Every structure is written in C-alpha cells, then in structure tokens.
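Chemist: Model the structure of this input:
(one chain, ligands or ions: 1)
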Amino acid sequence: MLGKIVELIRLTATELSPDILSALKAARSREASYGAAQSIYDRILANADLAKEESIPLCQDTGIPIFRVNLPEHESAQNVHNILKKAVKKATKLNYLRPNAVDTLTGKNSGNGVGIGIPQVEITRWNKDYSEIGLMLKGGGSENVGAQFSLPDEDINANRDLDGVKNCVIEAVYQAQGKACPPYFIGVGIGGDRAGSMKLAKEQFWRKLKHSHPQLRDLEEDLLVKLNQLGIGPMGVGGSTTVLSVKADYLARLPASYFVSVAFTCWAFRARFLTIRRGEYTYE
Ligand code: SF4
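Modeler: Numbers count the residues shown, from 1 in each chain. Below you'll find the predicted structure:
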C-alpha cells in the first residue's frame, strides 16, 4: 500500500485534475487574444503539460499534504496514519514533494517532509466496504492570504447577514491583490467558532457540487460575478477571471459571535483521490 500512496502523492503534485485544467482553459478563452492575462494562462498550461510529462511538481511549493481518509470499520486507523507519514517521507526523497516541514521553535527543516502536525490527517469511519483517501496539497501562499472576520465590521460595512458575508469575501480577495497566484478557488465558512469557521471554509475545497441550499447557491454565484468584476486577473496582471469558483457553507453560531472565514487556493489546485476496493486501486 505504501507504493500506492506514494503514487497518489506523485499524481497530485504533478498532474492537475481534468476539471481544474478545463476551468483554466475556459478562463484563458475569456481573455483578450495576445493580452497579458492570456499569456499568463499560456504559461500556466504549458507548465502543467511539462510537469505531467516529466513527472515533476507543478509548483516549487508543494504545500502542506492534507489527507482526508474514509475507512471501513475493520481497517486500522493507526496503520493507515503510519503509512501516510512514511509515504510523505518517501515522496519527499523522490522529489515529488519539497521538504516542507519546519520546526516552528528551532526554525530547522526536518528535511523529510514530516513534522508536528504535518502531514495533516483526518480519518473518519464510514459504513462502506472500501477505503477512500483524498489528498490535497495546499500551498503556503494561499494560506497566507486567508482571512477571518468577526461581524459586525463597520470598516467594510458588514452586518450579520449574507450581504455582510459577501463584503467580507470581496474584502479578502481585494486585500490579497494578486498575491498567492490567482485565479483563486475560494472557500467560505459562515458561523461556528473561530476554528470551526476556518475549518469549514477549507472543507469547501473538497466539494465538487453546487450547494443544495438555494440561499447559499445564490451567494456563491453572486460572489463569483462580483469577485471577477474586481479585474485582478491571473497572477494579478488584470483580466476577467480572478476567481474560478466560490463554495460556501455555514454552521450554527453563538448569539455573541458571527465569524466569516475565507480560504484561498491558487491556480495550482492539487487534489486527488485514491479508492481501495477489494485489492483494486483507483485514482481520480
Ligand atoms: S500560491 Fe500556489 S502557485 Fe503560487 S507559489 Fe504557492 S503553491 Fe505555487
């Protein structure tokens, strides 16, 4: 199984999934011919081709590995956790991952991609008879521009309602000003406590479908239009697409709090899945 997880890491680090590639190609087609924005997309797409062809990382920052695992009852969670850590070490040795784990107190890089809390592993039990391992490689730049707001916030005219939520997201993307390699994918967490709100924002990156709640679906669609009207464009050079998708969800909150968290990922949205069913391994 170790080799199969290393392959999941290689695939995630070196090949964009078909839906992300299509979204980037569609964004390119919306830009003016021979303009700066189109030229950025040409470079992004050429880079993606090269990374796939040569099996090298799409970006020098291979990010923090985030594993999201669904396991049937009979599988040992500890065993899987240990294998994931070993796989990160091996993938780092093979240069699919950059050594990306730094001891926060000493400033020393472990050199093998593993440190306290890295990789991130979340294991859930489910009542299916197969295992599913999701991996996301989330770059540091997109982590740096993530933002959290506590409403009401007079500075951005945000009250405790969905219009206020929209103002928060627009402010976060505006403040990023092209840092962290747009076009972005945006996750929004509404309500909860501080930690729960940001966790929810990041969980949106795993969701492919539109939200089933009409109010949230409208919020996502409206934000996509408004964020792209900012004109920041790919890599901040200006253009019609600053954001490729917005996904939002909510939690209950305390009467005293109303948090809005905004998580970003860059164009190098690296997420893949491995399904293990009766000895067969399928990558998506
Ligand atoms: S933001 Fe994304 S594309 Fe830019 S350096 Fe970081 S990981 Fe790479």
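Chemist: mind checking how far the longest helix seen in the chain is from the chain centre?
Modeler: In the chain, with assignment by DSSP state H, the single longest helix is helix 36-54. Distance, stretch centre to chain centre, for helix 36-54: 19 Å (Cα atoms, centre = their mean, to the nearest Å).
Chemist: Quickly check: that helix near the ligand or not.
Modeler: No - interface with the ligand: helix 36-54 contributes nothing (Cβ under 6 Å from any ligand atom), its closest point being 8.8 Å away. Every residue, glycine included, has its C-beta placed from N, CA and C.
Chemist: could you point out which element follows that helix?
Modeler: For helix 36-54, the following helix or strand on the C-terminal side (DSSP states H and E) is strand 64-71.
Chemist: Can you confirm whether that following strand lies near the ligand?
Modeler: No - judged by Cβ under 6 Å from any ligand atom, strand 64-71 stays clear of the ligand, getting no closer than 10.2 Å.
Chemist: how many neighbours does the closest residue to the ligand within the stretch 1-150 of the chain have?
Modeler: Nearest residue of the stretch 1-150 of the chain to the ligand (Cβ to the nearest ligand atom) works out as G139 at 2.4 Å. By the measure other Cβ atoms under 10 Å, the count of residues near G139 is 23.
Chemist: For the longest helix of the chain, enumerate the helices and strands it packs against.
Modeler: Contacts defined by 3 or more Cβ pairs under 8 Å, 6 or more residues apart in numbering; DSSP states H and E place helix 36-54 against helix 18-29.
Chemist: In the helix it packs on, which residues are buried?
Modeler: By neighbour count on 16 or more other Cβ atoms under 10 Å, the buried set for helix 18-29 is 20-21, 23-24, 27-28.
Chemist: Now render those residues as JSON lines, adding pLDDT.
Modeler: Output for the buried residues of helix 18-29, formatted as JSON lines (pLDDT from 0 to 100):
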{"residue": "I20", "pLDDT": "96"}
{"residue": "L21", "pLDDT": "97"}
{"residue": "A23", "pLDDT": "97"}
{"residue": "L24", "pLDDT": "97"}
{"residue": "A27", "pLDDT": "97"}
{"residue": "R28", "pLDDT": "97"}
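Chemist: Where do the helices of this protein begin and end?
Modeler: Using DSSP H, helices in the chain cover 2-14, 18-29, 36-54, 77-93, 140-144, 162-176, 194-203, 214-228.
Chemist: tell me how far the second one is from the chain's mean position?
Modeler: Taking Cα atoms, centre = their mean, one finds the center of helix 18-29 at 16 Å from the center of the full chain.
Chemist: Give me the contacts around it.
Modeler: Helix 18-29 is contacted from outside by 16, 38, 41-42, 44-45, 48, 183, 208, 234, 240-241, 244-245, 267, 269, using Cβ atoms under 8 Å, 6 or more residues apart in numbering.
Chemist: Could I get the buried residue list for stretch 177-192?
Modeler: 178-192.
Chemist: can you tell if it touches the ligand?
Modeler: Yes - interface with the ligand: stretch 177-192 contributes 180-181 (Cβ under 6 Å from any ligand atom).
Chemist: Please report the separation between the first and final residues of that stretch.
Modeler: 28 Å (Cα to Cα, to the nearest Å).
Chemist: now that stretch: mean pLDDT?
Modeler: Regarding stretch 177-192, the rounded mean pLDDT is 97.
Chemist: Right, I'll leave it there.
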